[in-house]
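Undergrad: Sequence and predicted structure below; questions after.
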Amino acid sequence: MRAYRGIIEEGVVVLQDGARLPEGTVVTVTVGEAELLRATISSAFRGQRKVRVRLKPTTGLVAERQPPEPV
């Protein structure tokens, strides 16, 4: 058995140091108590990352409402 180091990113184990495993490899993940505690604390401080996008209205692209044509 061989040990690899990695971190969890968005629920996926990402191996460090350029390690690559073949697709479909069955693995066992062992987490040390100190590492789990450190990751839990740093995750609590980080919180959820939010991306805010602010759009400025452009006056040239506004559609004007046309009155209905008489039938």
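TA: Structure received. Numbers count the residues shown, from 1 in each chain.
Undergrad: So what's the residue count around residue 17?
TA: Per other C-beta atoms under 10 Å, the neighbour tally for residue 17 reads 7. No exception for glycine: its C-beta is placed from N, CA and C like everyone else's.
Undergrad: what's the pLDDT at residue 17?
TA: As predicted, residue 17 sits at a pLDDT of 84.
Undergrad: residues contacting it?
TA: Neighbour list for residue 17: 4-5 [criterion: C-beta atoms under 8 Å, 6 or more residues apart in numbering].
Undergrad: Same question for residue 16.
TA: Contacts of residue 16 by C-beta under 8 Å, 6+ apart are 4-7.
Undergrad: so which of those residues comes closest to residue 54?
TA: residue 7 (32.1 Å; C-beta to C-beta).
Undergrad: I'd like the contacts of residue 16 as TSV, with distance to residue 15 appended.
TA: Below are those laid out as TSV (distance: C-beta to C-beta, whole Å):
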residue	distance to residue 15
4	5
5	7
6	4
7	9
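Undergrad: what's the spacing between residue 11 and residue 1?
TA: 24 Å (C-beta to C-beta, to the nearest Å).
Undergrad: per-residue confidence for the spatially most central residue of the chain?
TA: The residue lying closest to the centre of the chain (C-alpha atoms, centre = their mean) is residue 10, at 5.1 Å. Residue 10 carries a pLDDT value of 82.
Undergrad: gap between it and residue 70?
TA: 58 Å.
Undergrad: do the same with residue 1
TA: Going from residue 1 to residue 70 by C-beta to C-beta gives 83 Å.
Undergrad: about what we covered before: among the contacts of residue 16, which lie within strands?
TA: Taking DSSP state E, the ones among the contacts of residue 16 that sit in strands are 6-7.
Undergrad: of the contacts of residue 16, closest to residue 22?
TA: residue 4 (13.0 Å).
Undergrad: okay, now the closest one: neighbour count?
TA: Look at residue 4: counted by other C-beta under 10 Å, it has 13 neighbours.
Undergrad: Quick check, it in contact with residue 19.
TA: Yes: Residue 4 is in contact with residue 19 according to C-beta atoms under 8 Å; the separation is 4.8 Å.
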